[in-house]
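Participant: Output the structure for:
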Amino acid sequence: MMGRMEATQRTLHTAELTSTELAGIRALLDTAFEGGFSDDDWDHTLGGVHALVHCDGDLVAHGAVVQRRVLHAGRSYRIGYVEGVAVRADHRRRGLGGLVMAPLERVVEGAYAFGALSASAKGAPLYRARGWQVWGGRIEVLAPDGVVPLPDEEGTTYVMGPQVPSTASPLTFDWRDGDVL
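Facilitator: Numbering: from 1, shown residues only. Prediction:
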């Protein structure tokens, strides 16, 4: 129970979501990110496990974890990458971000070598409070033309999980359209 509202949490794969649910998630993300959530961002959010929180029947929070590949020190890791975490503005600071993250973290811990995410300044306190650590090494992407450093992602990329590697070598993420991370 969140104040006077009953909060319910569901965890589903993208394939289990109806078109109405997908449209509701997209609308929540568009609103929460104040127009800064692109079609590429939406594409990055699909294909994995979604955590949905409803209060009094309304979708008020969402997050997803999708599979990505990361190269590190000559090894390819299968990781869980957290995407599309948002809480509706009128429901923030009520613990709903934690209701979203808890099942996503269970997926990361149970299915992947480790998890990663790119945090905004507003979102970073949630992740830090849950034990996510800033990646202290370099960040790169394996682009169509080769490896490209991403210095702007350093300091905003967080990791967590059973096999987080040493920061001595960079994390080289797989390529995808739009914002790479």
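Participant: so where do the strands sit in this protein?
Facilitator: Taking DSSP state E as the criterion, the chain carries its strands at 7-13, 49-55, 58-72, 75-87, 115-118, 133-134, 139-143, 146-149, 157-160, 171-174.
Participant: Buried residues in stretch 140-149, which are they?
Facilitator: 140, 141, 142 (16 or more other C-beta atoms under 10 Å). Bear in mind the C-beta positions are built from the backbone N, C-alpha and C, glycine included.
Participant: For residue 102, state which of these is nearest.
Facilitator: Nearest to residue 102 among the buried residues of stretch 140-149, counting by C-beta to C-beta, is residue 141 at 29.2 Å.
Participant: what's across from that closest one in the sheet?
Facilitator: In this entry, residue 141 is beta-bridged to residue 148, residue 173, by DSSP bridges.
Participant: Make 612 the starting number, not 1.
Facilitator: From this message on, residue numbering opens at 612, which makes the last subject residue 752.
Participant: wait, it sits on residue 759?
Facilitator: Yes. Here residue 752 lies in contact with residue 759, judged by C-beta atoms under 8 Å, at a distance of 5.3 Å.
Participant: hmm, back to that, and of the strands of the chain, who's closest to residue 636?
Facilitator: Set against residue 636 and scored by C-beta to C-beta, the strands of the chain come closest in strand 669-683, at 5.3 Å.
Participant: Partner strands of the closest one and their direction?
Facilitator: In the sheet, strand 669-683 lines up with strand 660-666 (antiparallel), strand 686-698 (antiparallel), strand 782-785 (antiparallel) (DSSP bridges).
Participant: mind listing what's buried in that strand?
Facilitator: The neighbour-count check on strand 669-683 (16+ other C-beta under 10 Å) flags 670, 671, 672, 673, 674, 675, 676, 677, 679, 681, 682, 683 as buried.
Participant: Same list (the residues you listed) but as JSON lines, adding distance to residue 635 and pLDDT.
Facilitator: Shown next, in JSON lines, are the buried residues of strand 669-683 (distance: C-beta to C-beta, whole Å; pLDDT from 0 to 100):
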{"residue": "670", "distance to residue 635": "5", "pLDDT": "98"}
{"residue": "671", "distance to residue 635": "10", "pLDDT": "97"}
{"residue": "672", "distance to residue 635": "12", "pLDDT": "98"}
{"residue": "673", "distance to residue 635": "9", "pLDDT": "98"}
{"residue": "674", "distance to residue 635": "14", "pLDDT": "98"}
{"residue": "675", "distance to residue 635": "14", "pLDDT": "98"}
{"residue": "676", "distance to residue 635": "19", "pLDDT": "98"}
{"residue": "677", "distance to residue 635": "19", "pLDDT": "98"}
{"residue": "679", "distance to residue 635": "25", "pLDDT": "97"}
{"residue": "681", "distance to residue 635": "31", "pLDDT": "97"}
{"residue": "682", "distance to residue 635": "36", "pLDDT": "97"}
{"residue": "683", "distance to residue 635": "37", "pLDDT": "97"}
